[in-house]
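[1] Sequence first, predicted model second:
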Amino acid sequence: KRQKGCCGGMSPKVKELVDFDYKVFVTLSSDKVEGVSEPSVRLQLQLDGGEGEGRESHLYELNEQELTQLLNQLQELKSST
């Protein structure tokens, strides 16, 4: 007996990265702690969902550890292709 995969046997839609933008910020202090000096990156992704779907904009704020993890995962994807 054949089992259906996810999405009722249909392939999931893959969205295409059309454009991206990033900004680097350094938090020097906050109202709770002085001298924080914590870097972060705001990453904005523009995705195209294909016909009839239109474009989507996603905004992420990543700390140094999250950015490093994302870059490592992207490098793994690049290596596997």
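    Thanks, I have it. Numbers count the residues shown, from 1 in each chain.
[2] where does the chain have low pLDDT?
    Counting by pLDDT under 70, the chain shows low-confidence ranges at 1-12, 30, 33-36.
[3] roughly how far apart are the nearest residue to residue 20 once chain neighbours are set aside and residue 74?
    Spatial nearest neighbour of residue 20, excluding adjacent residues (Cβ to Cβ, 6 or more residues apart in numbering): residue 45 at 5.2 Å. Glycine gets a C-beta too; all of them are placed from N, C-alpha and C. Residue 45 sits 12 Å away from residue 74, going by Cβ to Cβ, to the nearest Å.
[4] more crowded one of those two?
    Taking other Cβ atoms under 10 Å, residue 45 and residue 74 do not tie; residue 45 has more neighbours (16 against 10).
[5] who touches that one in this structure?
    Applying Cβ atoms under 8 Å, 6 or more residues apart in numbering to residue 45 gives the contacts 17, 19-20, 57-58, 60.
[6] Likewise for residue 39?
    By Cβ under 8 Å, 6+ apart, residue 39 lies in contact with 24-27, 63-64.
[7] make it 10 Å
    Applying Cβ atoms under 10 Å, 6 or more residues apart in numbering, we find residue 39 in contact with 24-27, 62-64, 67.
[8] Helix or strand next in line after the helix or strand hosting it, which one?
    Per DSSP states H and E: residue 39 is located in strand 38-48. Remark: after strand 38-48, the chain's next helix or strand is strand 55-63, criterion DSSP H and E.
[9] buried residues in that following strand?
    For strand 55-63, the neighbour count (16 or more other Cβ atoms under 10 Å) marks residue 62 as buried.
[10] Stretch 59-79 now?
    By 16+ other Cβ under 10 Å, the buried positions in stretch 59-79 come out as 62, 67.
[11] picking that back up, for residue 80, state which of the contacts of residue 45 is nearest.
    Closest approach to residue 80 among the contacts of residue 45 (Cβ to Cβ): residue 17, at 17.2 Å.
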